[in-house]
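# Please work out how this folds:
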Amino acid sequence: MQEGQEGFDKVTRHLLTQGEKAIDEDGYCQYRTSSGLKCAMGCLMSDKDITKCGVENSGMLTLSMAGRTPDNWWGYLDIINPLGLTKTMLNGLQFIHDDTDPKYWHQDLHSFAQLHNFTFNPPQTQAIF
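This next block holds a predicted model:
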């Protein structure tokens, strides 16, 4: 199996099943929203680990990436289980979540798989766009 395939499969299953971005009311990415949505990085973190880096806000667990520099944002990498994904790969998957419309995720994840020599294994059941 290609190094990182397991992590890519987990993120792919998660994003294509969830079918929507995990963002706050201002449009900023959240590892996990108050309604339980997770971003590409958030799905690689346990609930316990998300709590370690989360910010309590009116009883909701949120972590906004807004205002974080690449240095301190990647400081959370030690609590992410990347399953063989490199920083570059994680950044690419997070870009797909943050900066593309969910209706293009299937296509973008397929392209990502080709770029990194992964097998594209989309889930049987996917969100409808």
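# C-alpha from now on. contacts and neighbour counts both.
OK.
# As a check, name the ranges of all strands in this protein.
55-57, 60-62 (DSSP state E).
# I'd say residue 4 and residue 88 touch.
No - judged on C-alpha atoms under 8 Å, residue 4 makes no contact with residue 88 at a distance of 11.4 Å.
# which of these two has more neighbours?
residue 4 (18 against 9; other C-alpha atoms under 10 Å).
# what about this structure, any weak spots by pLDDT?
Low-confidence regions of the chain, defined by pLDDT under 70, span residues 50-79, 129.
# Report the central residue of this protein.
Nearest to the geometric centre of the chain sits residue 40, at 0.6 Å (C-alpha atoms, centre = their mean).
# what's that residue in contact with, if anything?
11, 14-15, 31, 90, 93-94, 97 (C-alpha atoms under 8 Å, 6 or more residues apart in numbering).
# go with 7 Å
11, 15, 93-94, 97 (C-alpha atoms under 7 Å, 6 or more residues apart in numbering).
# mind putting those in JSON lines, neighbour count and distance to residue 111 included?
Below are the contacts of residue 40 laid out as JSON lines (neighbours: other C-alpha atoms under 10 Å; distance: C-alpha to C-alpha, whole Å):
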{"residue": "11", "neighbour count": "24", "distance to residue 111": "14"}
{"residue": "15", "neighbour count": "28", "distance to residue 111": "15"}
{"residue": "93", "neighbour count": "24", "distance to residue 111": "11"}
{"residue": "94", "neighbour count": "18", "distance to residue 111": "14"}
{"residue": "97", "neighbour count": "26", "distance to residue 111": "14"}
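# how much space is there between the residue lying closest to residue 16 once chain neighbours are set aside and residue 13?
In space, residue 16 comes closest to residue 126 once its chain neighbours are excluded; the distance is 5.4 Å by C-alpha to C-alpha, 6 or more residues apart in numbering. Plainly put, residue 126 is 8 Å away from residue 13 if you go by C-alpha to C-alpha, to the nearest Å.
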